[in-house]
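Trainee: no sequence for this one, just the structure:
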């Protein structure tokens, strides 16, 4: 393992804060926020650990989303919060918003008059766009698999 | 009796009124959709409500901007459609609707009582105050900033920029400004404030601080819902959500770009 503990702890805490903050934005009640924080912490801990093993971002995000989705399925009976809220909020800190912004800014830069190295700018922008697409795909698929495999129709 | 007449069922008047039943079930689905639920959840809720109110058969079509339902009791059936408003995220309303659907499915509520409950939920569902929401969003974006390797000097400005951005967004949405224009304006203001603050604080990661300041605008729930909907057999709705997410991101990036251009001119 190449991830040192302080860095793993830092990423985990930041994931928890980001998930809880977005939980408030999504109007989740205060009593349920610790579950959101735990979900975000778990997602970032798994992703950071997998990145430390040398996995790429997409694979690490997939593993993290799969873990969160499975944990939420197991815990759903104990929490008075919808499954959708819990797993999506937990994975929000992994949504690659910065890559998306960089990809579109790269596209904007291509159209400006003073582009110095157009081919490199294009390749970088496309790389970011592909990483956004694959990472969101990995998160969505990772969350969907436990739901599709383990879904039990219960009265919520 | 000719062939056509034999296909039209007799209205004996003994079955419950289908019209209010269909509209109440549609309203439950509309509210759930506007609260950010995925297609399968909407399907499940609407079926629970309609069957709980007495329907034998329920078929639902979920579009991005409308819901259509066909319900039937015995030989009678009707099809109705309902427009869906702006798709936001409101998990407490989502949760309340699940509880209500459970009560309806147990036969505890009549159609009129269910309609009254839906009206009550639409107006009285609790929300966090603007201050709490803005501070929480600020903290979330600051945490995002740390995840994006923004240094500590840049983290404080990210918190302030995102907090102000959330206040600004709420104000714009209260005034019914178009969501795409709102995304651009908030992105511009937040990124500019984040960049200026990071510069004054001596941060070495001004660009990342600007990006972290606008992450409150990234449509995370719709993007995950889009993929979920496609995987769960609703490709039309999933594609519509994905296109909306892409357009929002373009408007967010446009605001960020203007912010970067202005910051470059200032320094």
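Mentor: The structure has been received and is ready for your questions. All values derive from a computational prediction rather than experimental measurement.
Trainee: got the residue ranges for the strands in chain A?
Mentor: Listed in chain order, the strands of chain A (DSSP state E) amount to none at all.
Trainee: Next, the contact list for the residue of the stretch 1-150 of chain B found nearest chain A, please.
Mentor: Here the stretch 1-150 of chain B gets closest to chain A at one residue, residue B:140, 2.6 Å apart by CB to the nearest CB. All C-beta atoms are positioned from the backbone trio N, CA, C, and that covers glycine. Counting by CB atoms under 8 Å, 6 or more residues apart in numbering or on different chains, residue B:140 makes contact with A:17-22, A:25, B:162, B:215-216.
Trainee: List buried residues within those residues.
Mentor: If you count burial by 16 or more other CB atoms under 10 Å in any protein chain shown, the buried members of the contacts of residue B:140 come out as A:17-22, A:25, B:162, B:215-216.
Trainee: Adding pLDDT and distance to residue A:144, write those out as CSV.
Mentor: CSV is the format used below for the buried ones among the contacts of residue B:140 (pLDDT from 0 to 100; distance: CB to CB, whole Å):
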residue, pLDDT, distance to residue A:144
A:17, 96, 26
A:18, 95, 22
A:19, 94, 19
A:20, 95, 24
A:21, 95, 25
A:22, 93, 20
A:25, 92, 23
B:162, 96, 30
B:215, 91, 24
B:216, 92, 25
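Trainee: now, which of those residues sits nearest residue B:70?
Mentor: For residue B:70, the nearest member of those is residue A:25. The distance, counting by CB to CB, is 36.2 Å.
Trainee: Which positions within stretch B:77-87 qualify as buried?
Mentor: Within stretch B:77-87, the residues scored as buried using 16+ other CB under 10 Å are B:77, B:80, B:82, B:84, B:87.
Trainee: is it up against chain A anywhere?
Mentor: No - contact of stretch B:77-87 with chain A (CB under 8 Å from any CB of the partner chain) is absent, the minimum separation being 12.7 Å.
Trainee: Distance check, the closest residue to residue B:180 other than its chain neighbours against residue A:100.
Mentor: Closest residue to residue B:180 apart from its sequence neighbours, by CB to CB, 6 or more residues apart in numbering or on different chains: residue B:251 at 4.6 Å. For residue B:251, the distance to residue A:100 under the criterion CB to CB, to the nearest Å works out to 12 Å.
Trainee: Tell me which of those two has more neighbours.
Mentor: Here residue B:251 and residue A:100 are compared on neighbour count by other CB atoms under 10 Å in any protein chain shown; more neighbours surround residue A:100, at 29 against 21.
Trainee: still on that earlier bit, so the residue of the stretch 1-150 of chain B closest to chain A lies in a strand, does it not?
Mentor: No - applying DSSP: H, G, I helix; E, B strand; the rest coil, one finds residue B:140 to be helix, outside a strand.
Trainee: Quick one: list the elements packing against the one helix or strand in chain A whose mean pLDDT sits lowest.
Mentor: Among the helices and strands of chain A, helix A:83-91 carries the lowest confidence by mean pLDDT, DSSP states H and E, at a mean of 79. If you count contacts as 3 or more CB pairs under 8 Å, 6 or more residues apart in numbering or on different chains; DSSP states H and E, helix A:83-91 packs onto helix A:5-25, helix A:33-52, helix A:57-75, helix A:118-150, helix B:91-105, helix B:220-231.
Trainee: before we move on, back to that, which residues are in contact with the residue nearest to residue B:180?
Mentor: For residue B:251, the contacting residues are B:180-181, B:183-184, B:187, by CB under 8 Å, 6+ apart.
Trainee: now residue A:106
Mentor: A:121-122, A:124-125, A:128.
Trainee: Show me which residues of the stretch 101-250 of chain B sit near chain A.
Mentor: Within the stretch 101-250 of chain B, the positions near chain A by CB under 8 Å from any CB are B:102, B:105, B:126-128, B:132-133, B:136-144, B:146-148, B:166, B:208, B:211-212, B:214-216, B:218, B:220-221, B:223-228, B:231-232, B:249-250.
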